[in-house]
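Engineer: give me coordinates for this.
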Amino acid sequence: MAPLFPISTSSQPFLFFFLFFSGVHSATFTMTNNCAYTVWPGVLANAGTAPLSTTGFELKQGETVALAAPSGWSGRFWSRTLCSTDSTGKFSCVTGDCGSGRLECSGAGAKPPATLAEFTLGNGALDFYDVSLVDGFNAPMMVTPQRGTGNCAATGCLADLNGACPSALRVTEATSGEGVACKSACEAFGDPRYCCSGSYGTADTCGPTPYSRFFKNACPRAYSYAYDDPTSTFTCSGADYLITFCPSVPSQKSSSNQFPSINNTMIFSGMSDPATVSSDGFRQGTIDLLWLVAATIFLMLTWTC
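Structural biologist: Now for the predicted structure:
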């Protein structure tokens, strides 16, 4: 099993490579923090997959850390933000918390909302990977394959959606009131048509909604709801992967067609969805729909400046 090894930090002038591991090495996940604040990445191996050498650690601004994963590994990575340790020694985070009470998540996943990078490494076959907003958003993230063969497209969510998040989905920090995360409609309302559950539990019955389109318009290659597979799952072979928290946002002129940073159409279809509400669930109506449109315009203006 591979140890966690730092590659570079903002406070250290030297590079460190500790490439000591046993077993078959399939891929290296290199995590870089470009945020203006510290993040605490969480790591969760899927059922039946051995955990990596760490399940949670601190990553300060400008730092880079790499983890080696064996062939066939599958799991997810995310960032925890606004973390602290209380007087009893309990560790917790405002967003992405895994509930372990410690720096290591130890087999626990992120509490929504959280931006997720998900991987299934091929055992002599293709790797599958995606960035998912199905559980909501808490920080920008990009996944970039390196030295692989095949399609190997970059994917992620470059936009910071916390400021533009609709009021019904927004998570705020208790003291400042600042938006720090953006819930999915499923998490916010619990309605089966937003959760793709019950009678909406198939690709034929669960489609995009104005809320999922808010995420999709800002981040065209990220999963926005459970059956968003055609535009959100990517493959590569023999690659290592760079996971960047708060990646640099390219200008519209410099961004290539290989990584569309924003959907220029910026149109919501199915606009009657939020207004068609049940008496026992929620009533967002036209006001929230107008907020979704306004938030999307805000994102478009921000990205084209």
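
Engineer: what are the ranges of the helices in the stretch 101-250 of the chain?
Structural biologist: Along the stretch 101-250 of the chain, the stretches classed as helices by DSSP state H, counting those that start in this stretch are 185-189, 192-195, 210-218.

Engineer: dump those into CSV; add mean neighbour count as well.
Structural biologist: Where C-beta positions appear, they are placed from N, C-alpha and C, glycine not excepted. What follows is the helices of the stretch 101-250 of the chain, written out as CSV (neighbours: other Cβ atoms under 10 Å):
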stretch, mean neighbour count
helix 185-189, 22
helix 192-195, 20
helix 210-218, 25
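
Engineer: in the stretch 1-150 of the chain, which spans are strands?
Structural biologist: If DSSP state E, counting those that start in this stretch is used as the criterion, the strands of the stretch 1-150 of the chain fall at 5-8, 25-33, 40-45, 64-70, 74-85, 91-95, 116-120, 127-132, 141-146.

Engineer: same thing with the stretch 151-300 of the chain?
Structural biologist: Ranges of strands in the stretch 151-300 of the chain, per DSSP E, counting those that start in this stretch, are 155-157, 170-172, 179-182, 234-236, 240-245.

Engineer: which residues of the stretch 201-305 of the chain score low on pLDDT?
Structural biologist: 250-305 (pLDDT under 70).

Engineer: burial of residue 110, as a residue count?
Structural biologist: Residue 110 is surrounded by 25 other residues when neighbours are defined as other Cβ atoms under 10 Å.

Engineer: what sits against the most centrally placed residue in the chain?
Structural biologist: The centroid of the chain falls nearest to residue 115 when counting by Cα atoms, centre = their mean (2.2 Å). For residue 115, the contacting residues are 78, 79, 131, 132, 133, 136, 137, 138, 139, 140, 141, 157, taking Cβ atoms under 8 Å, 6 or more residues apart in numbering as the criterion.

Engineer: stretch 178-191: end-to-end distance?
Structural biologist: Between the opening and closing residues of stretch 178-191 we find a distance of 26 Å, counting by Cα to Cα, to the nearest Å.

Engineer: give me the contacts around it.
Structural biologist: Judged by Cβ under 8 Å, 6+ apart, the contacts made with stretch 178-191 from elsewhere in the structure are 81-82, 94-95, 112-114, 133-138, 161-163, 165-166, 168-173, 194-196, 209, 211-212, 215, 225, 278, 281-282.

Engineer: many thanks, we can stop here.
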